[in-house]
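S.K.: Any chance you can model this:
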Amino acid sequence: MIKISFNKGKIIISIILCFLPVAIAFYAWFYGDLIFKLAATIWVLVAASVFYLRLQQLKRYQKGEAALTIDHDTLLNNSVLKPRQIPWKDIDNFATGLYRTDSIFIKLKDSSSLKEEKTNRLIHLLSFIDHNFSTKPAPLWIDMDVINIREQELISLLNQKLKQ
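M.R.: Sure, this is the predicted structure:
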């Protein structure tokens, strides 16, 4: 079993950066026109969802949970809002270079195998927001922004495990 940990420093920097849209939005709400106010509001909502995700990742880090656990039978992706355990037999490949440049997408052989799991209302709302801003399901992204391994090393490791 291989465990890849979270990077606490990267999580904290990302949390701090989430406050930048709020500062810009305050300026927009007081001095901007309607379009600028609407754009700033949407940006704050997106930043709030990232902020919540980073808080969840920080909690997992403090509990000693790994960001990724590569097991003989499954890949546990703990870097997403709702952790997802994916059997290796269901994974087709791993894609990089998509619009989320610092993330790896886990492409399944059959995407209909994704089940809707019961979640609390906040996670459901954030998942709804992500679903409408993304063409690919959020639980299948590995968030490289907060993991203690380089992308090429992880891709190599994942592809090696996939071929076994």
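
S.K.: Have a look at this structure and report the helix or strand with the lowest mean pLDDT.
M.R.: Every helix and strand of the chain was ranked by mean pLDDT, DSSP states H and E. The lowest is helix 121-133, at a mean of 55.

S.K.: Give me the next element, helix or strand, following that one.
M.R.: Next along the chain after helix 121-133, taking DSSP states H and E as the criterion, comes strand 141-143.

S.K.: quick one: contacts of that next one?
M.R.: 53, 57, 67-68, 77, 79-80, 100, 102-106, 154 (Cβ atoms under 8 Å, 6 or more residues apart in numbering). Any C-beta I mention is one placed from the backbone N, CA and C, and that applies to glycine too.

S.K.: pLDDT of the longest helix anywhere in the chain, averaged?
M.R.: Secondary structure of the chain per DSSP state H: the longest helix is helix 34-62. Helix 34-62 shows a mean pLDDT of 90.

S.K.: and that helix, what does it pack onto?
M.R.: helix 8-17, helix 19-31, helix 121-133 (3 or more Cβ pairs under 8 Å, 6 or more residues apart in numbering; DSSP states H and E).

S.K.: Buried residues, that helix. List them.
M.R.: For helix 34-62, a neighbour-count test (16 or more other Cβ atoms under 10 Å) marks 40, 43-44, 47, 49-54, 56-58, 60-61 as buried.

S.K.: how far does stretch 72-91 stretch from start to finish?
M.R.: From its first residue to its last, stretch 72-91 covers 13 Å (Cα to Cα, to the nearest Å).

S.K.: Okay, and which of the contacts of strand 141-143 map to strands?
M.R.: The strands, defined by DSSP state E, take in 68, 77, 103-106 from the contacts of strand 141-143.

S.K.: Greatest separation within these: which pair is it?
M.R.: Greatest spatial distance in those: Leu68 and Phe105, 14.0 Å, computed using Cβ to Cβ.

S.K.: Looking at the two, which one has more neighbours?
M.R.: Leu68 (23 against 18; other Cβ atoms under 10 Å).

S.K.: what sits against the nearest residue to Leu68 once chain neighbours are set aside?
M.R.: Leaving aside its sequence neighbours, Leu68 sits nearest to Ile4 (Cβ to Cβ, 6 or more residues apart in numbering; 4.3 Å). When the contact criterion is Cβ under 8 Å, 6+ apart, the partners of Ile4 are 66-70, 147-149, 154.
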